[in-house]
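# here is my input, please return the structure:
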Amino acid sequence: MKIFSALYTWTMRWAEHKLAPHALAFLTFCESVFFPIPPDVLLAPMVLAKPDRAWRLATLTTIASVIGGVVGYLLGYMLFEPVIEPLLQQYGYMPKFEKAMSWFNEYGVWVVFLAGFSPIPYKVFTLSAGFLQMLFLPFLIASAVGRGMRFFLVAGLIKAGGAKMEEKIRNSVDTIGWMVVVLAVILYFIFR
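From the prediction side, this is the model:
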């Protein structure tokens with residue numbers, strides 16, 4: 001079944017749309033606060049579609065992510081008990097939040113940098129940093145550096161790969177897509 005090929009074609013068409021940067025910024029902001037889909041899934045095809053805008057798109061993604069991180073921090077700081085904690089419990093994020101809290105106690109500001117750079121859910125750490133009333137300036141710097149490194153790395157790799165990479169992705173997107181689905185199902189059963 002070639003479900004992912006059609007999705008890939010649609011995404012690449014959308015990536016060239018004049019409103020795509022706005023959608024990227026919005027998605028990135030939301031991902032830093034509550035949305036589960038990482039912005040890389042839109043950043044990568046946008047860079048493939050317009051490689052000359054790679055650094056501009058990486059900058060936009062970084063800024064939107066850090067602004068979203070600041071909102072997450074403020075939510076954790078001001079509204080954790082009445083609003084955030086019930087939502088974390090409702091959506092099953094409480095174990096992740098508790099793990100993040102233990103990492104904060106052990107690693108401090110470095111955990112924000114790590115969450116910003118890695119696929120670890122950044123939003124959990126923005127809320128945790130606010131709840132723990134972490135110093136704001138170190139939080140902001142670690143977020144900007146971690147998120148910036150991640151998005152500039154993605155944009156740089158995609159730009160460097162160029163047309164050859166796009167062709168390889170297009171030819172194997174269905175295989176990659178189904179492998180990701182199978183991996184997600186396996187991980188679900190392992191960690192549920």
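
# longest helix anywhere in this structure?
Identified as the longest helix of the chain according to DSSP state H is helix 136-191.

# any idea of the mean pLDDT for that helix?
Here helix 136-191 scores 81 as its mean pLDDT.

# mind telling me which residue is nearest the centre of this structure?
Residue closest to the average C-alpha location in the chain (CA atoms, centre = their mean): Pro38, at 3.3 Å.

# quick check: that residue touching Glu31?
Yes: counting by CB atoms under 8 Å, Pro38 touches Glu31, with 6.0 Å between them. Using the backbone N, CA and C atoms, a C-beta is placed for each residue, glycine as well.

# list the contacts of Arg53.
Residues near Arg53 by CB atoms under 8 Å, 6 or more residues apart in numbering: 46-47.

# that one and Trp14, how far apart?
According to CB to CB, to the nearest Å, Arg53 and Trp14 sit 15 Å apart.

# equivalent analysis for Leu42, please.
Per CB to CB, Leu42 is found 8 Å from Trp14.

# residues contacting the nearest residue to Leu87 once chain neighbours are set aside?
In this structure, Leu87 finds its nearest non-sequential neighbour in Tyr93, 7.7 Å apart by CB to CB, 6 or more residues apart in numbering. Counting by CB under 8 Å, 6+ apart, Tyr93 touches 87, 121, 124.

# show the subsequent helix or strand relative to the helix or strand hosting Met78.
Using DSSP states H and E, Met78 sits within helix 54-79. Using DSSP H and E, the helix or strand that follows helix 54-79 in sequence is helix 85-90.

# neighbouring contacts of that next one?
Outside helix 85-90, the residues that reach it (CB under 8 Å, 6+ apart) are 93-94, 97, 127.

# ok now it, how far from the chain's centre?
21 Å (CA atoms, centre = their mean, to the nearest Å).

# any idea of the mean pLDDT in that helix?
Helix 85-90 shows a mean pLDDT of 84.

# in it, what's buried?
85, 88 (16 or more other CB atoms under 10 Å).

# helix 136-191 and the helix holding Met78, what's the angle between them?
Orientation of helix 54-79 against helix 136-191 (axes from the mean of the first three to the mean of the last three CA atoms, to 10 degrees) gives an angle of 90 degrees.
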